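# Below is the sequence, then the predicted model.
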Amino acid sequence: MFGRRIMARSPQHKLLWLVVSPPISIRERYGEQAIDYWRSVIDGDVYRPTLGALASVADNAQPEDVARLRQWLDYPKGIVRMLCLNGIAKAGGALSDEEFLRLVTSNGLRVQRAIALAIRKGAIPLDKNRLLATVTSEASTSTTREHLRCLLRELNHWDRLNLILGFHPSKESELLWFVTLLGDWIVDSNRYAPLGASTRASLLDLLQSRRAEMDDQAFQRIEEAISRH
């Protein structure tokens, strides 16, 4: 009864009801055309997004919503960036390397957890080109590299190693980061992860090509981990 009274009063009350009520599909709550109403609310926002409307569109995002969500991707509040990122990923949208860099560099657990989940699901790619573009950008910081270090753990075990071994540092700070990534992978190297013969051979060849850039102990431990799977 209370919920139905609020919904009947005004659009503002609809927003209040959305925020305070338990999560539920807006189509289930208001019908098939509700998403269009929330879209119109966001489209009318100028200085800041209406949080309830943004949450609803992000939760039900379609390809047509990607541009709508992208416009708030740099908003100062982490919850807004998180919702936009979640919606873009849900709608099958893509982030540019510049957008990815800004999000990875930003502070706030909400945003970093959202990026991690999207990478784990494969909704946001983290490949060789993106890693290189992010690390070598003039806008990259120690925060960027630390967050990337954590995000690499979201990848498949062997994809992660392949990505690390495929990264070629061009300056001392990048070389130190490369060595740190190798150390992180070695810590996780006992993880059970079946490996096919062709991938094993490819990784061993790649490891051998980087031998001069790592100490003997690191090389041996990675070689053993590859060989025993």
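That came in fine, so what should we check first?

# ok, Asp127 touching Asn162?
No: with contact defined as CB atoms under 8 Å, Asp127 does not count as touching Asn162 (9.9 Å). For every residue, glycine as well, the C-beta is placed using N, CA and C.

# out of the two, which sits in the busier spot?
Ranked by neighbour count (other CB atoms under 10 Å), Asp127 and Asn162 place Asn162 first, with 19 against 13.

# mind listing what that one touches?
Counting by CB atoms under 8 Å, 6 or more residues apart in numbering, Asn162 touches 202-203, 206.

# what about 7 Å?
203, 206 (CB atoms under 7 Å, 6 or more residues apart in numbering).

# Remind me which helix or strand Leu176 belongs to.
helix 172-187 (DSSP states H and E).

# For Ser170, give me its contacts.
So Ser170 contacts Thr136 (CB under 7 Å, 6+ apart).

# Please tell me how far it sits from Glu98.
20 Å (CB to CB, to the nearest Å).

# Likewise for Thr105?
11 Å.

# Settle it for me: which of these two has more neighbours?
Thr105 (19 against 12).

# Please verify my assumption that that one contacts Ser142.
No: counting by CB atoms under 7 Å, Thr105 stays clear of Ser142, with 9.8 Å between them.

# which parts of the helix holding Leu176 are buried?
174, 177-178, 181-182, 184-185 (16 or more other CB atoms under 10 Å).

# Identify the residues contacting the residue most central in space within the chain.
Closest to where the C-alpha atoms of the chain average out (CA atoms, centre = their mean) is Ile115, at 2.1 Å. Ile115 is in contact with 85, 103-104, 124, 151, counting by CB under 7 Å, 6+ apart.

# That'll do, ta.
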